[in-house]
Every structure is written in structure tokens, then in C-alpha cells.
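Novice: Turn this into a model:
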Amino acid sequence: MVNRREWLGITMAAGGALALDPRLLRALQQGQLIQRPIPSSGEMLPALGLGSAATFSRVARSDEVDGLKEVLRTLVDRGAKVFDTAPGYGASEQVAGDIAHELGITDRIFWATKVNVAGRGGSSADPARARAQIESSFEKFRVPTMDLIQVHNLGDVPTQLGILKELKEQGRVRYIGVTTTSQNRYPDIEQVMRNEPIDFIGIDYAVDNRETEDSVLPLAAERKIGVLVYAPFGRTRLWQRVGDREVPEWASEFDATSWAQFFIKFALSHPAVTVVTPATSQARHMVDNLGGGVGRVPDDAMRQRMIELVNALPPAPPRRRRNMP
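Specialist: Residues are numbered from 1 along each chain as shown. Predicted coordinates for the structure are as follows:
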């Protein structure tokens with residue numbers, strides 16, 4: 001097996017041709033990504049998408065967006081479609097919308113964005129500002145109908161989810177939901193899941209961050225709510241923990257050839273998960289990540305083995321947690 005650095009070293013930066021594994025290359029070329037149904041509708045989605053909260057949003061704020069073109073081109077050319085973003089991610093919405101229009105792929109993307117104009121500390125959201133923010137997202141993506149809009153970080157859910165319910169009834173938004181990446185808000189998101197007619201939640205979930213397994217993910221399965229997974233790499237935490245270690249040989253039993261695929265496949269192996277959306281601004285990383293969406297996923301015994309391996313690694317240096325996705 002090879003580590004991420006070696007894998008990416010033999011991956012062409014733009015086109016994403018994989019010299020390492022011809023079977024994987026064929027699967028990606030043929031768009032053979034794992035598919036998962038949206039529980040509320042049965043619509044099938046490729047189970048690996050693209051987030052934009054981290055590296056994508058940083059690059060989008062700069063003038064160096066050529067790499068982002070290759071990322072989005074790679075996303076759709078290899079059979080994926082879910083792009084998760086938010087007005088709060090800098091220029092991500094505008095840049096992604098412009099790139100998709102330039103490449104002629106706007107209608108090949110499942111556009112998932114968010115709304116939140118509530119102030120810090122739980123202050124109320126101004127409905128007019130929320131509606132204006134939503135309309136701005138429509139304009140940036142150049143779409144008449146949005147695939148998914150979620151209330152970002154549970155900001156004033158009664159007001160902002162109320163607006164999304166109206167837009168869904170009007171046919172302007174296909175799916176609605178709420179997000180949080182704060183463990184202390186899990187009880188709040190569960191309350192929304194029990195009491196509101198939502199289609200999706202967005203949460204953080206990783207092999208070393210499994211608190212949502214206790215109640216959030218089982219509730220999503222029970223209530224037939226789709227799950228977008230953010231931060232399957234623990235942002236940078238898991239990369240710091242594995243360092244230069246090689247991927248274990250036994251990862252081949254679930255078709256993982258890199259640490260990125262190892263981490264993604266762990267998240268995908270939970271039956272309640274619909275789509276995993278790691279962020280990247282580089283096409284070679286996009287290809288590596290997409291490799292986590294093909295082939296086999298770990299069974300329960302293998303999941304436990306993965307957990308034990310990661311638990312035995314040294315902890316990452318402490319860092320301030322940012323509530324982004």
C-alpha cells in the first residue's frame with residue numbers, strides 16, 4: 001500500500017488519471033461511484049461529493065481559481081455531483097457558480113447551500129435579510145431551482161426554516177434541512193429532526209469523531225432524513241495523526257488505497273450516511289477522494305478495526321475548533 005503523498009505523486013494533477021490502480025481508474029472513468037438514495041424521495045445521489053468550507057473557500061478568495069476549475073470538472077467528469085457550500089464561505093458560491101457556467105456544467109451539479117443571517121448568541125434572523133441571502137445564492141449559481149438549502153448552524157430555525165418550507169412548497173427549493181458541527185448542539189438538531197419535515201441534516205463525522213453515532217445518525221435513519229457528512233478528515237486532525245505512516249495492507253479488503261479513501265470509506269460505511277463532502281482545492285486530491293466512493297465499504301468488524309488503529313495513534317496537537325460547515 002502507499003500513503004497519500006505517494007498516491008498523489010503518481011496522479012496527474014488536472015485530469016486525475018490514476019496510474020496506481022487500473023480497476024479504480026476504470027470505475028471512475030465510468031462514473032461507478034457508490035449511490036445512495038435520498039430517504040425522503042428515493043432520488044439516487046453519488047455518495048461522494050465536494051465541500052467548500054476549507055481549502056476551496058480560501059482559494060476562492062484569491063485570484064488563483066484555475067485549480068478550482070479542474071476540481072469541479074473532475075467532480076462531474078468522474079460521476080459525482082453534490083457541491084456543498086454556503087454564503088459564509090467567502091467567495092465560494094460566486095466562484096463555483098461562475099466556473100460551472102463557464103464550463104457548461106451548471107445542470108450537472110447538485111447545488112447544496114445554506115442560509116443564516118441570525119446574529120451570534122442566538123439573536124433572531126431578519127426574514128428580509130434571509131430571503132435576500134437566498135436570492136443571492138440563486139443568482140450566483142444561475143439556477144431557477146435550488147437542490148438543497150439548509151439552515152446553517154441552526155441559526156434561528158423557526159424563522160429561516162419557515163422560509164425554506166415556503167420555498168419548497170413553491171417548488172423553488174427541492175430539499176431543505178439544517179446543519180451543525182457543534183457537539184453541544186446535537187440535542188437541538190435532534191429536536192428539529194423530530195418536529196420538522198426536513199430532508200437533510202449536515203453534520204461532522206469521522207473515524208475519531210463518532211459522537212453522532214449515539215443518537216443523531218440513528219434518528220436520521222428512523223426519520224428518513226438524508227445525511228451530508230462534513231470533515232471526514234477531522235479537517236486536518238487525522239492527517240496530523242497518521243503523519244507519514246503507510247495505509248495498512250488490510251485496507252485493500254475494502255478497496256482503500258490511500259488514507260483519504262480510508263477515512264472517507266469509514267464515514268460512508270455508516271448506513272445512515274447519504275453523501276460525504278470533503279473539501280479540496282486541488283484536482284489530484286479530488287481524484288483521491290473520489291476513490292473513496294468506489295468499490296467496497298467496511299463491514300462492522302472492519303469498522304472496529306479502523307477505530308482501533310486510529311485510537312492507537314498519537315493525538316493531534318490541540319487547535320481551536322471552527323464551526324464552519
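
Novice: quick one: the helices in the stretch 51-200 of the chain?
Specialist: In the stretch 51-200 of the chain, the segments counted as helices under DSSP state H, counting those that start in this stretch are 55-60, 66-77, 92-103, 127-141, 157-169, 186-195.

Novice: list the helices and strands the longest one packs on?
Specialist: Where contact means 3 or more C-beta pairs under 8 Å, 6 or more residues apart in numbering; DSSP states H and E, helix 127-141 is packed against helix 92-103, strand 110-115, strand 146-151, helix 157-169. C-beta coordinates here come from the backbone N, C-alpha and C atoms, glycine included.

Novice: now the ones you listed in TSV, with mean pLDDT?
Specialist: What follows is the helices and strands packed on helix 127-141, written out as TSV (pLDDT from 0 to 100):
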stretch	mean pLDDT
helix 92-103	94
strand 110-115	98
strand 146-151	98
helix 157-169	98
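
Novice: Grab the most central residue of this protein for me.
Specialist: Thr277 (1.7 Å; C-alpha atoms, centre = their mean).

Novice: Chain neighbours aside, what residue packs nearest to that residue?
Specialist: Closest residue in space to Thr277, ignoring its immediate chain neighbours: Gly51 at 3.9 Å, by C-beta to C-beta, 6 or more residues apart in numbering.

Novice: Check the gap between that neighbour and Gly67 for me.
Specialist: Per C-beta to C-beta, to the nearest Å, Gly51 is found 16 Å from Gly67.

Novice: ok, now Asp107?
Specialist: Using C-beta to C-beta, one gets 23 Å for the distance from Asp107 to Gly67.

Novice: now Asp208
Specialist: 29 Å.

Novice: Equivalent analysis for Gly234, please.
Specialist: To Gly67, Gly234 is 23 Å away according to C-beta to C-beta.

Novice: ok so, going back, make JSON lines out of the helices and strands packed on helix 127-141 and add mean neighbour count and distance to Arg245.
Specialist: Converted to JSON lines, those look like this (neighbours: other C-beta atoms under 10 Å; distance: least, C-beta to C-beta, whole Å):
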{"stretch": "helix 92-103", "mean neighbour count": "20", "distance to Arg245": "32"}
{"stretch": "strand 110-115", "mean neighbour count": "27", "distance to Arg245": "33"}
{"stretch": "strand 146-151", "mean neighbour count": "26", "distance to Arg245": "35"}
{"stretch": "helix 157-169", "mean neighbour count": "18", "distance to Arg245": "42"}
